[in-house]
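S.K.: coordinates only, sequence not included:
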């Protein structure tokens, strides 16, 4: 008796769970491809990070240099992340310096740092600095609502950068 | 046959399962008692979906794809932003919006179910420009007459707070934006601004301010400091390999140099080099024999730059003027001064792999010191004027000794090959063409240089241990080429700050 009661209650549940319901597909990462100019001397330090359109720092995407002692010279980024990003998070985002003429691809998972950065309220910031060279900190790539791809040429030492939504 | 009570629990479960399947809900059995029909369900109007937004930045390449329907076709658009275009086959909007502002566009397309459309808000942001600050209205100060007058009994209406506060907010926001704009000004790399092709080895090819002996056409960058330590042996490297390592255990001419970039394309260097014994009859009151040391101050100005042209590799050469003096400071007081001047030109070729240099150099009072015995053990030192005058006091000496010319003019030639980004092979030859010379051909040096971010390390072989401007241009110590042993070993360590 009890076993039949149990079966009668569980069976509909099993049937309902067995039937798949349609779900919407979602993109899973942003692919950033960045290539450097052909130039001379030490290559620059490059950092990319995400912040809100009002300037609130979210998270570093990648710091393309392992020279920790010069991180404080990347002025905009270093000031923006102060108190908002842990050392562990920073360490996880550090990558090797891109050499002159080389290309590097970075993947930004979505959501990023717990935020939906494609809701139209975020931008990707880029800052570059080279010893005895230039310092470029103004470049931005807005992540507009409905974002699919964006690209730019001649961004400081960067020959070409593209950001593409990938599944 | 009556329904068994054992089957009753199963029946509701099956009915529930059937009800869960879409479109297959089973109707409940009609009860015996007729019930009134249920009231019609209220119509619930769902909130309309928010209008899509195309948000972009003026001048930035933008791609927008609002319709994700593989069966959609025949796209048309109204009020497309300037600078953007529509792909009619797939509905992609792409381009660089030219005009900032807010507007609306209407996108239409065809589907098997019929035509569809959407209206989107377009928001094109302009590059960051601070808004015009709104002047803050200050309340008028009361006139002295009013202030001195007795206060009215009626309560004073407090001045409005909202308007000045809002104006202050606008002014603060404007200042913040202006400050942000000022803080965000990029500092362009001057090497990129030249518009020439730069190779990985270009920077180190154009960085050195000295070859082995003489200045190059490259000055220090403004505000940069520099030092160099040089050693050149005075005995050949194979004199005694076991106990005199490369000649370093014997007499070595040591130089210490400090440099500073004083202005654009301009620097100063001060060098002190081991001097020589002096035979001019003066009394040595300090002890150790009469000697002098070299102190050399040179000013360099690069007035032509090979890369300071609009077109790629279109310039002629880097050309610099070098002016300075070498003082031979005596330990007995006083000294002799040589006024030096040179014009040096260097040019990069073959994708900056080869850097060739040539110049013209003149020392007003040249010297030459020779530590190896010459043929017949005749010293070939060039006597300074005071030394010659002292020797000439000996009767008959001047009859057999020619007074040497005071000055020397020479043509320096340099070559530097970038083997890798950081390693170079370099050579230097200085041909005296006028005035005093050693009779032993040009001064020669050949070696290798390793460059790092902040240092240069150079090893070389030479046929002269004379290293100052006014001594090295007088020619070699011995009539030897660099392929003939013995040769003198030298090394320098330089650092850039």
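M.R.: Sure thing, it's come through. Because the structure is predicted, anything quoted here is derived from the model rather than measured.

S.K.: Please, where are all the helices along chain A?
M.R.: With helices called from DSSP state H, chain A shows them at A:2-18, A:75-81, A:87-93.

S.K.: for the second one, which positions count as buried?
M.R.: Within helix A:75-81, the residues that qualify as buried are A:76, A:77, A:80, A:81, counting by 16 or more other Cβ atoms under 10 Å in any protein chain shown. The C-beta positions use only the backbone N, C-alpha and C, and glycine is treated the same way.

S.K.: from what I can see the first one touches residue A:127, true?
M.R.: Yes: distance between residue A:76 and residue A:127: 5.1 Å, which falls inside the contact criterion (Cβ atoms under 8 Å).

S.K.: what sits in contact with each of these two?
M.R.: residue A:137 (Cβ atoms under 8 Å, 6 or more residues apart in numbering or on different chains).

S.K.: Any idea how far apart the tips of stretch B:326-341 sit?
M.R.: Distance across stretch B:326-341, first residue to last, is 11 Å (Cα to Cα, to the nearest Å).

S.K.: Pull out the buried positions in that stretch.
M.R.: Within stretch B:326-341, the residues that count as buried by 16+ other Cβ under 10 Å are B:326, B:327, B:328, B:329, B:330, B:331, B:335, B:336, B:338, B:340, B:341.

S.K.: The third one contacts residue B:335, correct?
M.R.: This points to residue B:328. Yes: assessed by Cβ under 8 Å, residue B:328 is found in contact with residue B:335 at 5.1 Å.

S.K.: Now the common contact residues for these two.
M.R.: residue B:292.

S.K.: hang on, the earlier thing: next, give me the two most distant ones among the buried residues of stretch B:326-341.
M.R.: B:331 and B:341 (28.0 Å; Cβ to Cβ).

S.K.: Could you measure from the residue nearest in space to the middle of chain B over to chain A?
M.R.: With distances taken as Cα atoms, centre = their mean, the residue of chain B nearest its centroid is residue B:189 (6.1 Å). Distance of residue B:189 to chain A, given as Cβ to the nearest Cβ, to the nearest Å: 3 Å.

S.K.: Not counting residues beside it along the chain, what's closest to that residue?
M.R.: In space, and not counting its chain neighbours, residue B:189 is closest to residue A:134: 3.2 Å by Cβ to Cβ, 6 or more residues apart in numbering or on different chains.

S.K.: show me what contacts the one you found?
M.R.: Counted by Cβ under 8 Å, 6+ apart, residue A:134 has contacts A:44, A:128, A:156, A:157, B:186, B:187, B:188, B:189, B:190, B:192.

S.K.: My guess is the last one contacts residue A:41. True?
M.R.: Same thing as residue B:192. No: assessed by Cβ under 8 Å, residue B:192 is found out of contact with residue A:41, at 11.2 Å.

S.K.: higher neighbour count, those two?
M.R.: Just comparing residue B:192 and residue A:41: by other Cβ atoms under 10 Å in any protein chain shown the higher neighbour count belongs to residue A:41, 23 against 18.

S.K.: Could you tell me the model confidence score at residue B:76?
M.R.: Predicted confidence (pLDDT) for residue B:76: 89.

S.K.: any idea which element the closest residue in space to residue B:462 that isn't next to it in sequence lies in?
M.R.: Nearest non-adjacent residue to residue B:462, counting by Cβ to Cβ, 6+ apart: residue B:445, 4.1 Å away. Applying DSSP states H and E as the criterion places residue B:445 in strand B:443-451.

S.K.: Give the partner strands of that strand in its sheet and their orientations.
M.R.: Here strand B:443-451 is paired, per DSSP bridges, with strand B:423-435 (antiparallel), strand B:455-462 (antiparallel).

S.K.: rewinding a little: so the residue nearest to the centre of chain B makes contact with residue A:129?
M.R.: No: assessed by Cβ under 8 Å, residue B:189 is found out of contact with residue A:129, at 9.8 Å.

S.K.: Give the helix, strand or coil label for the residue of the stretch 351-497 of chain B found nearest chain A.
M.R.: The minimum distance from the stretch 351-497 of chain B to chain A, using Cβ to the nearest Cβ, falls at residue B:453 (5.6 Å). Here residue B:453 is recorded as coil under DSSP: H, G, I helix; E, B strand; the rest coil.

S.K.: Chain neighbours aside, what residue packs nearest to it?
M.R.: Spatially, and ignoring its direct neighbours in sequence, residue B:453 is nearest to residue A:42 (5.6 Å; Cβ to Cβ, 6+ apart).

S.K.: Including pLDDT and distance to residue B:386, could the contacts of residue A:134 go into CSV?
M.R.: Formatted as CSV, the contacts of residue A:134 follow (pLDDT from 0 to 100; distance: Cβ to Cβ, whole Å):
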residue, pLDDT, distance to residue B:386
A:44, 93, 57
A:128, 96, 60
A:156, 91, 60
A:157, 93, 58
B:186, 87, 60
B:187, 87, 54
B:188, 85, 55
B:189, 84, 53
B:190, 76, 49
B:192, 77, 55
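
S.K.: Same list, those, but as a markdown table with distance to residue B:84 please.
M.R.: Formatted as a markdown table, these follow (distance: Cβ to Cβ, whole Å):
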| residue | distance to residue B:84 |
| --- | --- |
| A:44 | 33 |
| A:128 | 29 |
| A:156 | 26 |
| A:157 | 29 |
| B:186 | 27 |
| B:187 | 33 |
| B:188 | 30 |
| B:189 | 33 |
| B:190 | 36 |
| B:192 | 30 |
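
S.K.: any idea of the mean pLDDT for the strand holding residue B:445?
M.R.: pLDDT averaged over strand B:443-451 gives 95.

S.K.: Kindly report the same for stretch B:389-402.
M.R.: Across stretch B:389-402, pLDDT averages out at 89.

S.K.: and if you look at stretch B:274-293?
M.R.: On average, stretch B:274-293 scores 77.

S.K.: Then stretch B:459-472?
M.R.: The predicted model assigns stretch B:459-472 a mean pLDDT of 93.

S.K.: Measure how far that stretch is from the centre of its chain, please.
M.R.: Chain-centre distance of stretch B:459-472: 32 Å, with Cα atoms, centre = their mean, to the nearest Å.

S.K.: Can you mark which positions in that stretch are buried?
M.R.: B:460-472.

S.K.: These in strands, which ones?
M.R.: Using DSSP state E, the subset of those located in strands is B:460, B:461, B:462.

S.K.: residue contacts, the first one?
M.R.: For residue B:460, the contacting residues are B:212, B:426, B:445, B:446, B:447, B:448, B:489, B:490, B:491, by Cβ under 8 Å, 6+ apart.

S.K.: now do the last one
M.R.: Residues counted as contacts of residue B:462 (Cβ under 8 Å, 6+ apart) are B:212, B:213, B:232, B:443, B:444, B:445, B:487, B:488, B:489, B:490.

S.K.: Okay, and which of these map to helices?
M.R.: Applying DSSP H to the contacts of residue B:462, no entry is found in helices.

S.K.: From these, which shows the smallest pLDDT?
M.R.: residue B:487 (81).

S.K.: Chain neighbours aside, what residue packs nearest to it?
M.R.: Spatial nearest neighbour of residue B:487, excluding adjacent residues (Cβ to Cβ, 6+ apart): residue B:461 at 4.4 Å.
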